[in-house]
Structures are given as structure tokens and as C-alpha cells.
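could you work out the structure for the sequence below:
(one chain, ligands or ions: 1)
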Amino acid sequence: MKFLWAALCFLAALTVSCSEAQAQTTVPAAAPVKQFDKELVRVRVLTHNKRVQVAGQALRFQILSQPYRPVAIPDSGSAEVRVMKKDGKNIWALRLNNRDNEHLFKEKYLMIQGENLRVGAQSLPSRVLLSAGPGDQVDVVGVLPLDEYIAGVLASEMPLNWPLETLKAQAVAARSYALAVMAEREDKPFHLESSVLDQVFRHVADGDESDPKLKKALQAVRETAGVKLYAQNRSILKAYYHADCGGHTTLAKNVWSGGVNSGVAVDNSCPTNPKANWSIQISRKQLAKKLRVADVLGLTLERMNQDSRVRGVRVAVQAGDDKIIGANEFRQALGFSELRSALFDLKQEGDMFTFTGRGFGHGVGLCQWGSRALGLKGQKYAQILKHYYPAASLARN
Ligand SMILES: [Zn+2]
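As a prediction, this is how the structure comes out:
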């Protein structure tokens with residue numbers, strides 16, 4: 001054992017003190033990890049600056065280049081990890097249980113496993129990967145099985161008192177989206193963001209299973225295990241979804257100028273959304289600030305053919321000089337939850353612009369409010385998915 005620790009100290013080369021480690025007689029055997037396990041989802045749950053304080057029980061640490069060797073000490077209840085950079089390489093400094101010594105590892109990633117892992121009040125999956133982002137950024141990446149991740153998405157993306165078949169349709173869409181994105185970002189430190197940039201995710205802690213609503217989410221995931229949507233070219237569909245289509249859905253290419261055609265749907269049930277119609281006001285000065293231009297003299301909306309969604313906004317920044325901003329970019333600049341969709345009209349009165357619209361989200365793929373209405377009418381999840389992805393097919397494997 002002494003030899004092993006001596007070897008580890010030598011390998012780590014930068015370890016400040018191995019005395020604590022040498023004093024230990026037992027080392028918990030952490031499960032071996034491959035460089036990246038293809039079966040597991042990597043989702044960025046947090047980003048910290050420089051250092052992150054991880055708490056939990058029975059913390060274990062691993063460096064991925066030495067997969068069979070745990071690198072630190074058992075019985076750790078908390079660890080402060082900070083990252084330094086030297087000659088383009090990461091050095092992870094690990095301080096356990098507020099002790100004085102730091103253990104240093106020159107590694108690209110640091111893996112932490114443990115029970116009830118958390119950062120502050122936020123619960124984390126039982127395995128996280130620390131990855132150094134740009135500057136002093138430390139990304140905390142949850143590493144977990146696909147369906148455990150889908151349950152966490154379901155608990156965040158949809159009210160769990162909605163019909164079970166609606167939750168099942170959402171589970172299949174979220175699973176298909178995740179798998180398509182995982183294939184695209186296979187070599188990145190993380191596949192998915194835990195926000196609206198991908199799918200909203202919060203880790204569902206083990207104890208939560210006693211919660212009847214959460215039990216329903218887990219049931220929806222279990223009863224659709226292995227079910228996915230496929231595009232016409234037989235690849236897994238990057239199944240987009242949104243809150244409220246405002247009456248009809250649109251194609252991915254109309255929003256992001258790319259993407260697979262999964263078909264469109266007409267939807268009469270979205271007005272069940274209590275916030276189906278909305279209106280926001282913004283001053284000329286605020287608008288210029290958000291669009292990062294000196295001034296806004298006027299706005300003209302450009303719409304798509306056969307679709308009443310706004311495709312782009314022509315911004316008159318000064319006489320004779322217009323700037324055209326795509327609708328999605330324009331929504332992003334004003335805030336996706338402010339300018340809630342691209343289905344809007346515009347009125348300018350003096351220095352005040354009023355946007356009046358309906359729906360919420362990009363309008364591609366499944367409409368969550370519409371799928372709720374279909375679930376309440378007794379439709380099965382396969383019917384709901386067929387309605388919103390008419391050009392896709394469904395298979396279980
Ligand atoms: Zn809808």
C-alpha cells in the first residue's frame with residue numbers, strides 16, 4: 001500500500017503532501033471510468049469561478065488517465081477544488097475537510113463520486129466531472145445514466161400534475177433530443193447545458209422518489225424506456241419542443257436556418273395556456289441598448305411566406321443604414337421570456353415600442369400546452385408525438 005501511494009505521489013508529481021494519504025490503510029475502490037463513457041450523459045449543471053466547494057458523504061476522486069486508481073482519501077465530507085493553469089495544462093488543487101494540505105493533480109479533468117453530492121444547496125448526481133472552462137472557469141458536469149437524466153428534465157420542463165401520456169410524450173422527445181445532441185458533441189467535456197439552451201435539468205435526488213408527482217415522472221420515463229423518434233434518414237431526431245406554438249408549429253429551418261424536417265402541426269388547443277397572449281413595451285433607448293446599436297429610428301417586421309411568424313427585423317439605426325436581425329437573435333437580445341415568441345405585431349408610438357403576440361418558444365416540434373390538451377382528451381403518447389412530429393417515426397430499441 002505504501003508503495004502504491006508513493007507511486008501515486010510520484011505520478012501526481014505535484015502533490016504537496018502525501019502524509020495524510022500514507023496514513024490511510026484503506027482506500028475505497030471507485031468504479032473504473034473510461035475516458036468518456038458513451039452510455040452516460042454529461043450535463044453542465046454549474047459554472048463557478050476559480051474554485052468550487054463540493055460536499056457529500058464518502059467522497060472519492062479520480063483522474064481519468066489513471067482510471068483504476070482512486071487519488072484521494074476516504075471519509076471526506078467536503079472538498080474545495082480550485083483550478084490553476086500552467087503551460088496550458090490544468091492543475092487541480094484539492095483541499096479536503098478544510099485541512100491545510102492541498103493535493104495537486106496535473107490533469108485535464110477531475111472526477112468526484114460520492115453520496116448526496118451537492119454544491120451549496122444544489123443537489124448533484126452521484127458522479128461529477130470538473131472541467132476547466134475559459135479563464136478561471138470551473139464547469140461542474142453531472143455524469144449520469146440517460147434515463148436518470150430524462151427524469152430530471154421531466155421534473156423541470158413540465159408540471160408533473162399534467163396527464164401521464166403527455167409526460168410520456170415529453171420523455172420521448174427529451175430522450176431523442178439528448179441522444180441526437182450527444183452524438184453531435186461526443187468529444188466535448190459536456191454534451192448538454194442544464195438550461196433552456198438545451199433542456200432544463202435539475203437533479204432528482206434519491207429521496208425524492210417518495211414524492212407522488214416525481215414518481216409519475218419516473219413512471220413516464222420507465223414506461224417509454226428505449227423509445228425514440230427517428231428522422232426520415234433513420235438517424236435519431238433532434239426533437240425540439242417548446243411551451244406554446246400559438247396555433248401552429250414551424251420548421252427548424254425557419255428558426256435556425258438549418259435542421260431536420262420533422263413536419264408541422266396545426267394546433268387549436270394552445271389558448272388553454274393562461275399566458276397564451278402577451279404584450280411588452282420597451283423604450284427606444286432600452287431597445288438600442290439591448291440591440292447594441294447607437295439608436296433605433298424605426299423597426300420593420302419581415303415575415304415568412306405561409307407562416308405568420310416574424311423571420312427578421314429590419315432596424316433603422318440611422319438614415320439610410322439598416323441592420324437586419326434574425327427573429328431568433330432579436331428575441332434573444334430582448335430576452336426569450338420577454339419577447340415570448342416570433343408570432344408578434346409591433347406598434348411604435350413616439351419613443352415607445354409595443355410588441356403584442358401569442359405563444360411561447362420557437363414553435364418547432366412538440367407544443368407542450370397543446371400536448372397537455374391532447375393528453376386530457378385521452379390521446380396516447382404515440383398519437384401526441386405523431387401529431388407534432390408528422391414526418392418522424394417512433395421505435396423502441
Ligand atoms: Zn400549440
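
host element of residue 216?
Assigned by DSSP states H and E, residue 216 falls within helix 212-223.

return the alpha-carbon coordinates of the helix or strand that that helix is followed by using PDB.
Per DSSP H and E, the first helix or strand lying C-terminal to helix 212-223 is strand 227-230. Extracted C-alpha coordinates of strand 227-230, given in PDB (Å, rounded to 0.1, in the frame of the first residue of the first chain):
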ATOM      1  CA  VAL A 227     -38.500   4.700 -27.200                       C
ATOM      2  CA  LYS A 228     -37.100   7.300 -29.600                       C
ATOM      3  CA  LEU A 229     -38.100   9.500 -32.500                       C
ATOM      4  CA  TYR A 230     -36.300   8.900 -35.800                       C
END
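
low-confidence ranges in the stretch 251-397 of the chain?
Along the stretch 251-397 of the chain, segments meeting pLDDT under 70 span 306-307, 319-320.

residue 122: neighbouring residues, count only.
Neighbour count of residue 122, defined by other CB atoms under 10 Å: 12. Every C-beta, even on glycine, is put in place using the N, C-alpha and C of the backbone.

can you name the residue of the stretch 1-150 of the chain nearest to the ion?
Here the residue of the stretch 1-150 of the chain nearest the ion is residue 150; by CB to the ion that distance is 22.3 Å.

surely that residue is within a strand?
No: counting by DSSP: H, G, I helix; E, B strand; the rest coil, residue 150 is not found in a strand; it is helix.

count the residues that sit near it.
Applying other CB under 10 Å, we find 29 other residues in the vicinity of residue 150.

just residue 82 next, same as before
The burial count for residue 82: 19, using other CB under 10 Å.

next: residue 189.
Under the criterion other CB under 10 Å, the count of neighbours that residue 189 has is 17.

skipping adjacent residues, who's closest to it in space?
Closest residue to residue 189 apart from its sequence neighbours, by CB to CB, 6 or more residues apart in numbering: residue 131 at 4.0 Å.

how near is residue 286 to residue 353?
9 Å (CB to CB, to the nearest Å).

which one's more surrounded, those two?
Using other CB under 10 Å as the criterion, residue 286 and residue 353 rank with residue 353 on top: 20 against 15.

is that one in contact with residue 301, as I believe?
No: at 11.3 Å, residue 353 and residue 301 do not qualify as touching, with contact defined as CB atoms under 8 Å.

hmm, back to that, thought the residue of the stretch 1-150 of the chain closest to the ion was touching residue 222?
No: look at residue 150 against residue 222 with CB under 8 Å: they stay out of range, at 10.1 Å.

what does this structure put close to the ion?
Within the chain, the residues that sit near the ion (CB under 5 Å from the ion) are 245, 267, 270, 367, 370.

contacting residues for residue 279?
Residue 279 sits next to 354-357 when contact means CB atoms under 8 Å, 6 or more residues apart in numbering.

which of those are buried?
355, 357 (16 or more other CB atoms under 10 Å).

looking at the contacts of residue 279, which is nearest the ion?
Closest to the ion, out of all of those and judged by CB to the ion, is residue 357, at 13.9 Å.

residue 105 bridge partners, please.
residue 92 (DSSP bridges).

was I right to think it contacts residue 63?
Yes: between residue 105 and residue 63 there is a contact under CB under 8 Å: 5.6 Å.

so the two - more neighbours on which side?
Neighbour totals were compared for residue 105 and residue 63, and residue 105 leads with 26 against 22 (other CB under 10 Å).

distance of the more buried one relative to residue 83?
10 Å.

go on, residue 263?
46 Å.

looking at these two now, which is surrounded by more residues?
Between residue 263 and residue 83, counting by other CB under 10 Å, residue 83 is the more crowded of the two (21 against 15).

spatially nearest residue to the more buried one, not counting backbone neighbours?
residue 132 (4.8 Å).

quick check: bridge partners of the one you found?
residue 138.

who's in contact with it?
83, 85, 90, 108, 138-139.
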